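S.K.: Return atomic coordinates for the entry below.
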Amino acid sequence: MVFRFVHTADVHLDSPLKTLALRNADLSELIGLATRRAFVRVIDLCLEEKVDALVLAGDLYDGDQTSMKTARFLAEQLRRLHEAGIKTFIIRGNHDALSRITAELVMPDTVKVFGQTAETVVMERGDGHFPVAVHGLSFAKPHAPESLLRHYTLPVPDAFNIGVMHTSLGGSVGHDLYAPCGVADLQQSGFHYWALGHIHRRSVVENGSSAIVMPGMPQGRDVNEDGPKSVSLVTVNDDRSIVIEERQTSVAQFERLSIDVSGAADWKAMVGDLSSHLDALRSSVTADHLVARIQLRGVNELAWRIRRDLDLLHTELESRGSISGNVWIDKVQTSCTAPERPGAGSGALDELSMIIESEVGASLEYQQEVRAIAEELRGQLPAELRDIFGTDEKAFTESLALFAREGSVNVMARLRSGGEVD
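M.R.: The predicted structure follows:
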């Protein structure tokens with residue numbers, strides 16, 4: 001008889017919103033509930049496929065959650081599995097290492113939360129069926145700078161061995177190094193399947209009877225977690241061969257859409273072209289909702305108007321997106337430039353632009369004033385939004401320089417929109 005389980009990680013239940021919360025209340029509500037709705041889909045999948053177990057490889061929560069609403073929601077969903085006789089195996093990752101909910105919530109008997117010491121749970125499946133051994137180890141603290149592999153117990157003889165670990169492997173862009181270890185080391189461990197978590201992009205490495213799977217996350221939370229999100233449905237056949245299926249779970253899918261508007265003859269034609277690109281993207285996305293960040297590029301006479309009227313363009317595209325069906329516009333950005341003309345650069349506005357860039361922007365007084373404004377604004381933001389300005393001094397300084405440049409370009413765009421001043 002085959003053994004089947006669903007493997008997921010990095011659910012980040014009720015993760016606090018960041019930039020979306022500042023812009024569109026309806027969109028922030030949608031994304032705010034998306035992690036829960038995606039988790040319900042994971043539970044639904046377990047029930048529909050009648051699996052034997054659900055494996056959660058860390059970061060079920062996002063930080064030291066204290067909300068009992070989150071606790072009640074989780075308990076309700078895991079009880080659905082309990083009532084169906086489906087076991088749940090959970091380890092804690094870097095985000096939920098200190099979570100009070102994981103430590104204090106009374107779980108159903110079918111739920112195993114692994115502790116700070118490596119443990120092995122053996123599932124006996126009756127005569128004629130191979131046993132399944134699940135090995136797990138939770139983070140004791142939010143940081144794990146060294147590999148945890150050496151702490152795991154040896155494979156159980158004659159069993160199908162599943163290792164559950166939260167790790168950055170050899171490192172990944174956008175992810176700090178946590179419990180690093182090599183793929184080759186995992187393959188040599190003697191385990192048949194490594195259920196990993198931490199990196200939000202899906203990856204699968206199969207080598208004979210061994211599989212190393214990073215399932216990604218079931219639901220993205222911002223445009224930096226773009227693309228389809230999913231879980232792994234794993235079937236272990238009687239001969240212990242492994243079949244891994246990707247099952248999408250996203251309620252809302254984030255995507256970046258870069259469009260060259262160089263060929264647009266006028267505003268109406270450009271909006272029509274953008275809408276066509278948006279429709280094409282929507283047709284390729286299977287999630288209930290599409291959240292798109294649009295980047296306009298190219299050389300066009302409309303460059304100054306585009307920059308000046310980005311808010312109007314955002315509204316126009318959002319309106320057209322609603323016609324396509326559940327399309328949301330996260331942000332519209334532009335790097336468009338106007339065509340160069342012979343003799344350009346001698347007008348008063350061009351001279352003003354050079355003064356702003358070379359003298360005003362480079363002055364110590366201006367930089368100090370920008371910093372003071374930014375620090376005051378940052379101090380008024382909720383804690384979860386303050387990383388908008390960067391997470392360290394270097395990133396903060398770079399963000400200020402970028403904001404200042406964008407501000408000066410926007411000022412010049414508005415001046416130019418009223419006509420050249422010679």
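S.K.: Low-confidence regions, the stretch 301-422 of the chain specifically.
M.R.: Using pLDDT under 70 as the threshold, the predicted model of the stretch 301-422 of the chain has low-confidence ranges 341-350, 353-354, 357-359, 361, 382-386, 388, 408-422.
S.K.: Now do the helices in it.
M.R.: If DSSP state H, counting those that start in this stretch is used as the criterion, the helices of the stretch 301-422 of the chain fall at 303-308, 310-324, 348-355, 364-380, 393-417.
S.K.: Show me what the fourth one is packed against.
M.R.: Read it as helix 364-380. Counting contacts by 3 or more Cβ pairs under 8 Å, 6 or more residues apart in numbering; DSSP states H and E, helix 364-380 is packed against helix 393-417. Quick note: C-beta positions are derived from backbone N, CA and C, even for glycine.
S.K.: Quick check: chain neighbours aside, which residue is closest to Asp14?
M.R.: Counting by Cβ to Cβ, 6 or more residues apart in numbering, Thr70 is the residue found nearest to Asp14 once chain neighbours are left out, at 4.8 Å.
S.K.: Settle this for me: the one you found is touching His12, isn't it.
M.R.: No. Counting by Cβ atoms under 8 Å, His12 is not a contact partner of Thr70; they are 10.9 Å apart.
S.K.: who's more crowded, the two?
M.R.: It is His12, of Thr70 and His12, that has more neighbours when counted by other Cβ atoms under 10 Å, with 26 against 20.
S.K.: what sits against that one?
M.R.: When contacts are counted by Cβ atoms under 8 Å, 6 or more residues apart in numbering, His12 touches Thr35, Asp59, Leu60, Tyr61, Asp62, His95, Met217, Arg221.
S.K.: let's go with 7 Å and repeat that
M.R.: With contacts defined as Cβ atoms under 7 Å, 6 or more residues apart in numbering, His12 is in contact with Thr35, Asp59, Tyr61, Asp62, His95, Arg221.
S.K.: and what of Ala118?
M.R.: Going by Cβ under 7 Å, 6+ apart, Ala118 touches His135, Leu137, His151, Tyr152, Thr153.
S.K.: Of those residues, which belong to strands?
M.R.: His135 (DSSP state E).
S.K.: and Pro16, what pLDDT?
M.R.: Pro16 carries a pLDDT value of 73.
S.K.: Tell me the secondary structure at it.
M.R.: State at Pro16, reduced to three classes by DSSP: H, G, I helix; E, B strand; the rest coil: coil.
S.K.: circling back to that earlier point, and the least confident of the contacts of His12?
M.R.: For the contacts of His12, the least confidently modelled position is His95, at 58, judged by pLDDT.
S.K.: In JSON lines, list the contacts of Ala118 along with pLDDT.
M.R.: What follows is the contacts of Ala118, written out as JSON lines (pLDDT from 0 to 100):
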{"residue": "His135", "pLDDT": "97"}
{"residue": "Leu137", "pLDDT": "93"}
{"residue": "His151", "pLDDT": "90"}
{"residue": "Tyr152", "pLDDT": "93"}
{"residue": "Thr153", "pLDDT": "92"}
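S.K.: What about the contacts of Ala118, which one has the most neighbours?
M.R.: Counting neighbours by other Cβ under 10 Å, the top entry in those is His135, with 27 neighbours.
S.K.: Tell me who's in contact with that residue.
M.R.: Listed by Cβ under 7 Å, 6+ apart, the contact set of His135 reads Ala118, Thr120, Tyr152, Thr153, Asn161, Ile162, Gly163, Val164, Phe191.
S.K.: Who does it form a beta bridge with?
M.R.: Thr120, Gly163 (DSSP bridges).
S.K.: Outline the domain layout of the protein.
M.R.: Partitioning the chain according to the TED database yields domains covering residues 3-248, 251-339, 346-421.
S.K.: Give me the nearest residue to the spatially most central residue of the chain, chain neighbours excluded.
M.R.: Taking Cα atoms, centre = their mean as the criterion, Glu225 is the residue nearest the geometric centre of the chain, at 2.8 Å. Across the structure, with Cβ to Cβ, 6+ apart as the measure, the residue nearest Glu225 apart from its sequence neighbours is His200 (5.5 Å).
S.K.: Quick check on the one you found: phi, psi?
M.R.: Phi and psi for His200, reported as degrees, to the nearest 10, are phi -80, psi 0.
S.K.: Starting from Val40, give me the distance back to it.
M.R.: Taking Cβ to Cβ, to the nearest Å as the measure, His200 and Val40 are separated by 20 Å.
S.K.: between these two, which one's more packed in?
M.R.: For His200 against Val40, the residue with the higher neighbour count under other Cβ under 10 Å is His200, and the figures read 22 against 17.
S.K.: quick revisit: which of the helices of the stretch 301-422 of the chain sits closest to Val291?
M.R.: Comparing these against Val291 with Cβ to Cβ, the closest turns out to be helix 310-324 (9.9 Å).
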